[in-house]
Every structure is written in structure tokens, then in C-alpha cells.
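Q: The sequence isn't on hand, but the structure is:
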């Protein structure tokens, strides 16, 4: 870590020597390893090292950002020069006020770095992926054509000329598996993904069972004909794709630019009474959890929606300055599946960990209370127009719910609705909480969707 | 750097690699983003890295580093070997590699104006002009985003077949996005343009017209009505046709998916998969197209691959590995996002070829249906062959006339069912630049496109 601090300090000194009034250095050193399964066996294993610097250099209100991989000291010189050239030729940004100032960052965040994960051997990684393959292929007619396990062990250091100095070391695990089931002329896939900061929490056997059962269910699926208005019960992984509208609508960048439909909606009702959401940058084991965000602003737990009422927006320092608000520790560069290339990205306002408060029913108990609806385990792509809230997503693994029972598996149908309206019609929130990208959420039931075949 | 790459390949072979290659890549990019009249991002990236790839039995080992010393490179070759050796203990089948003749070439991007030689002021003026044009169009435009990106990649590649290649790729891309607001309702307008081109792409564009068109689109959509739902006659525009070509037919025609038994087209060669009006190709040699590249990341020259010819399925796209496995020839589709990403079969420019109908003729020939315009997103489904695309907007068609503007909707159905119902293919042809992911990552530059096409498709309004 000392080495990263020295490199950042050198970059800041060189920037200041060029005449920068303020500068910020973000240095990341990452060791990333992956195992890719293809055709039921490990097809490729990789091992990658990357060190890079992202430098923001401010000449008054003219701001330049340059980044690059670091191999030798001369690379820092080049990056500083590039950032300076950009700032010098750029126009003034009337909204830019200042980089974040130094503050005491104290406390502890549990389970963000895992020694066992950082030190696991490639042999063990390969063995774990093959456990999923073995379990899935115990089911007749099931093969695992595709799978992946990725680990990152990374250190980052952020420093700016106002005294911010922050170190963080974390681990990240992302895994993705697909099973394919075949029968006569039918074929279908079952998919599962998991995120964690600790390899020991990934249940490779469960993933194998899940992808196999989902793949087999597609063989029984019939094309859905007609139109079904009712409740959609959505798996946490897929629900995160739909609920991404909450991140969009509460993101101060979108609010400041009036793209968010929740602009000027603080203290108004935007969701059902039983729907509560927090942003918690220190959630134990959260993918982005750290004591500070990627510009060194301390993280915290913050109510976003409380019993349906919009309580606050999230801010990085740039957007906080525009809104005359305080930065909330929501300036990020790190992704949620890998940290590769994070130094090349300027800070963007984003959720740390968006926590959907769980209910007290299991998904099975919720199904028992639904008269008419559909359980969606996989969409082709759970995408929503964040500006309007409109969506119509093809369902890939879905089962009809009739009078409290799961009945027919269906396919070739679109689930349609408007997410901003559906948030006001949350029927049930499950108790099966999972970490999915920057979300911590359970299965959720939305009333008012339409399934169209 | 070529000498260091040769050393890496020699080491990889010495350790036991049956086939090895080493790549060095320099990426330089500049991005300008103007939001609501002020610069939001003005940034530059320069990344350099080296990767060693090694095949042993039935597995690959791959290692990359940004430290460019002899020790680091030797370590990368050794690590790649160890990884391949470990992974190979689980392999049931040996990986083959198509044997190529050694190729020694240097290639330079054919561009007219190198973006690096253009004054920053001129680039800023262009992006601000996009922004101002949107603002001036209508007071209901509440948010404007305008982007400019230039990228230069230099590649050096050495492999154990004796090839030594050096080439560069230069791309320019820009976009504008407007949001209109009226009575609490928000709508979006968006347009992009990109190519393997220099700054001439910008010089050939009037930013005032481009920006104003995007803003008008957002404003017009404020009065759009809900689209109809169900199975109906749909005329798709070149963008949506391109999504069908790329996401469903294209991904399923990547030979690695076939080998993994993950493609619904595995047994389709020689069979009818579409009406005889449908011809589809992947062509990485189109001058100026965003997905074009002189060589793929394994050093195979780009080519034109016919996937569907007059409705008959012809074949797959290949890397060196898949060509050997399926007893075919490599097609120049072994591509990778970055120096530190794996090579696998990827598309370049993938599209349906044009026919002989004018759009007006297609509309006047449609009793009742939907004209679907502008693809916002789409998703691959190589296993099931399912098609899903989100259209930004459309028009209802009644008795041969274009009627109401409708807001966003999705189109879905089985791709083969759709293609077999194609009964008219347009004259107008367009390619759209974009990024393609595989398995939700590994993003590469591609284009998708085609002509207007009419078929029976399920529509779902929002």
C-alpha cells in the first residue's frame, strides 16, 4: 500500500508543479483471476495484474481527467501532462466548485477483504467450478456449456491536494453459470449468478442444482398465448435489473439534470407503504462497501425510501456542490463484477449498496397468497426505460401462479408495465435476501403487470 | 516490442505450450461529454499491456501484465503454462488449432484526418454545437447530453505459427440524447454515429441538424400513444433488423456456441431458416464501418462470411480453434476487448442484405400493422433462438397508411418463425455502430444493420 501512496503523492506534486490549484489521484492495483467453463470443462484459466492511475487536474474551474497504466515513473509524468493539457484547453465548468475536502474516516467495515479469497489457488478455483458442473450434470439431459468464476484482490489509494488520503483493500467474487437441457427438438437454458466478497459464501452445489432445474423447466414451457394482468413475483437477480430505476431516479446527477422523474419529489410518496430502501456504503460484505467511496468521501447508511416516502438522493461531491448538499459517499469508479480498468473512469454518482428492506414471508408463502400471476426467474434482459419507467421484457424462465399454486411453465411472452407505477403497487417483499451487483434484496412481487404472449 | 513478444512465445513453447501467442496493445482514447451546456467530462485514457496465451491439451492458460520488463513477461508465460496444465487435468478432449501459414504484415488505418492532429477547440465546438442545437429546438427539452469519443489502438502480435503482425485501428464516435418534459411526462430522443474513421466523420456531419433531430424526436414522443400488443404485421427499420441479425442469428452463428451445443442453429447448415428474400452476412472488411478490423486478435485477416443466403443457412463464424474443431477455415472473428481479455468468436459488421422494396410501398401494402423504429436494446439468445428488442417508437399502420405515433414497445418471438414470415425487404440500407457484449461482458466494437423488413412479430406495449 505504501507504494501506491508514494505514486499518488508523486502525481499530486507533479500536478501542483504544473499549476494545478487542485488535483486528485486514484491509484488501483489489481490481481484478477478467472476460470471459464466451456463444454463442461475448464476451457481457459487466466491471471492478470494491472496497476493504473486516474488523475483529475483542476485549473480553477477548468478540469481535465487523464488515466493510464503505470509501468514506470515516466508514465506518471505523461498522465499529468495529458490531464494538464486537457484542463488548459477545456472550457470552464460553471458547476465545478471543489474536490472533496479532508475529513476523518473512521470505523470498520466487515467482510470487504477476505484473505482466503485472495490466496486461493487456481487449482482450487477450477475444482470449485467443476463442482457446479458435476452437480448440474447429475440431472439427466443437462449439460453445462458455459460458466465462469472470477476473483479480484485489489488495493486502491485516493489522495487529493485538499488532504484526502484513503486506502482500501478488497476482494470481489463473481460467478455465472448456464445449464442447457435438451429433449427431442426442445432446448432451454437455466442461468444463475452470484456476487460476494468471500469465496467461502458461494455455494457451488446450490448453483449447480438451480441451473439444472431451471434448464429442465424450460423443456416443459409452452408459448404463452393471450394477456394476463396480475402479480409478477420476480427473483432477486432479475428484480435488481428492474429496480435499477431507483438508483437512476435518486441519483443526484439525474436529479440535477432533470432527467429523474423524482426530481423535486422529496417527502412525497413514490412507493408502497411497506417498501423501504437504504443506501449503505458499509454493509458487511457489500460489493462496493468501504469506509470511503472512490473519491475519499466517508460512506454511511442513509434512508432513500422510508415506508414508501422518498427521503433523500445520493450525491458524489460534484453533484452535491451543484445541489448545495453534502456528498454522501456515492462517488464510484469500481464496477460490481470486476475492478479492471477502474482507474480509467472519472468518478460517477452511484449507489454503494442499495438495501431493500426484506419482508417476513418466503417466496413459497408469497406464492400461496397470489391468486393470479407469474413467477419470473429469468428475463432475456431486465431492462427498463429509466426516464419513463416503461418496460416490456421477454421472460426466459417463468411459471404461472394460479390460486396459490405454481402451474404451467411459459415462454415467448413479454412482461410489461411501468416500474414507477409498480413501485406504488408492491404486493409482497420476500425474506430471501441476496447480494446482487450493488443491491441487497429479496424476491419482490409487483401488482399491475401484464404478461403478453 | 516484437522482440519481447517473440521471447514470450518462445518461452511459452519451451514450458510446454503446443500453441502460443503474445499480444501487446496500446490504447489511447479521448472523450468529451457536454451536458446541458457545460463540460461534464473531458478525459483521456492510455493503457498498455501484454498478454501471453498458451494451449496445452484441452485447455488454455492466459496471463497479462502492465509491467513490461523481461521478468514480468517470463512470469506471464510461466503462469499461462501452469494454468493451462491445471485446467487440462479436467479436459476430455484436445483443443485443435487451425494451422495457418506464417503471416508477416504491417497495416495502417486508412483514415483521412487523424483525430490526434485536430485542435481540441474544434472538437469542443462540435460537441457544444450538438448541445446548442438540442436546446434551441424546443423549450420542453430539459436535459441534453452530447458525446464525442476518438480511439486509437495499436496492436502487435506474434504466434508460434511464425506470424508477426502490426496494425492499428482508429475509430470516431459521437452521440446526442435529449429528454423532453411536459406535464410530468418525460420522453427520450437519441442518435449515434461511429466508424473506423478519423475526424472526417465529424467534418461530414452538421451538428445543428443532428442535434435538432434528436431533440425533435423527444418532443414528438410526448404526444405518442400506447402501442398495440399481440402478434401482428410489423415493418422493422434497419436498426431493429440489425438487432435480429446480430443478437439472435449472429450470436448463434458464432462457432464456439455451436461447439458448446449452445446454438439453436447447430444443425441448420443447408436448411431453410428464412424466406428466400433473406440474406445475412458478417463482413469485417467494410471500409469505414465501426466493426471493421484488418486482422482479428489472433492475426487472421477479416473476411465476408455468408450466414444465410436466400433463406438457406450457410455456416458459422470462426476463430483458429473453432475452425479446427469444425473442419472449416478461420473467418477473422477471433476477437478480444482488450489485451487482458480472452479471445473468442465475435462478430464484426453483421447485417441483412437489402432487397427491392421502397418503404412507402411496404407501408401501402400493409392493411394493419406497426412500423417499429429505433432499437434501444436487445438481448442474445443463442440457445432458444428467442428475439427481444426494445423499439424507441413506432407508428400504427391502417389500410396502407402510417397513422399514430406510438411510444416505446418490445418485439419478441422465435427468430426462425419471424424470418420465415419475411415477405418484403427494403432497398434502403443502414449500419449502426455499437458495442457488443458476450456473456454480459467483453465489449467490442461492431455494427448491426440491414434494410426495412416486414414480418409477423409479437409486439408488447408499455
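A: On my side now, so go ahead. The structure presented is a predicted model; accordingly, all values stated were derived computationally and were not measured.

Q: Can you name the residue of the stretch 201-350 of chain B nearest to chain A?
A: Closest to chain A within the stretch 201-350 of chain B is residue B:260: 3.9 Å, counting by C-beta to the nearest C-beta. The way it works is simple: take the backbone N, C-alpha and C, and place the C-beta from them, glycine included.

Q: tell me, how many neighbours does that residue end up with?
A: Close neighbours of residue B:260, defined as other C-beta atoms under 10 Å in any protein chain shown, add up to 23.

Q: For it, give its distance to residue A:32.
A: 24 Å (C-beta to C-beta, to the nearest Å).

Q: List the residues that contact residue 357.
A: This is for chain A. Applying C-beta atoms under 8 Å, 6 or more residues apart in numbering or on different chains to residue A:357 gives the contacts A:275-278, A:429.

Q: was after chain B, sorry
A: Per C-beta under 8 Å, 6+ apart, neighbours of residue B:357: B:424-427, B:452.

Q: Which positions in the helix or strand hosting residue A:421 come out as buried?
A: Following DSSP states H and E, one finds residue A:421 within helix A:419-422. Under the neighbour-count criterion of 16 or more other C-beta atoms under 10 Å in any protein chain shown, helix A:419-422 has A:419-420, A:422 buried.

Q: and residue 396, how many neighbours does it have?
A: No chain in the question, so chain A it is. Residues contacting residue A:396 under the criterion other C-beta under 10 Å number 27.

Q: that's the wrong chain, I meant chain B
A: Residues near residue B:396, counting by other C-beta under 10 Å, number 18.

Q: What of residue A:138?
A: Counted with other C-beta under 10 Å, residue A:138 comes out at 11.

Q: cool, and residue A:157?
A: Neighbour count of residue A:157, defined by other C-beta under 10 Å: 25.

Q: what does residue B:99 give?
A: The tally of other residues near residue B:99 (other C-beta under 10 Å) stands at 10.

Q: That one touches residue B:161, doesn't it?
A: Yes. Contact criterion C-beta atoms under 8 Å: residue B:99 and residue B:161 qualify, at 6.8 Å.

Q: Now do the helices in the stretch 251-400 of chain B.
A: Per DSSP state H, counting those that start in this stretch, the stretch 251-400 of chain B carries helices over the ranges B:251-252, B:255-259, B:320-325, B:359-364.

Q: Report the contact partners of residue 377.
A: Just so you know, I chose chain A. Residue A:377 makes contacts with A:214, A:235, A:238, A:397-399, as judged by C-beta under 8 Å, 6+ apart.

Q: Hmm, no, I was thinking of chain B.
A: Contacts here follow C-beta under 8 Å, 6+ apart; on that basis residue B:377 touches A:381, A:383, B:389-390.

Q: Quick one: those residues as TSV, columns for distance to residue A:250, pLDDT and neighbour count too.
A: Listed next are the contacts of residue B:377 as TSV, based on distance: C-beta to C-beta, whole Å; pLDDT from 0 to 100; neighbours: other C-beta atoms under 10 Å in any protein chain shown:
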residue	distance to residue A:250	pLDDT	neighbour count
A:381	23	80	20
A:383	19	83	20
B:389	29	91	28
B:390	23	89	27
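
Q: interface residues of the stretch 301-450 of chain A facing chain B?
A: The stretch 301-450 of chain A has residues A:337-338, A:340-341, A:344, A:346, A:380-381, A:383, A:385, A:387-388, A:390-394, A:396, A:411-414, A:416-418, A:450 near chain B, with proximity defined as C-beta under 8 Å from any C-beta of the partner chain.
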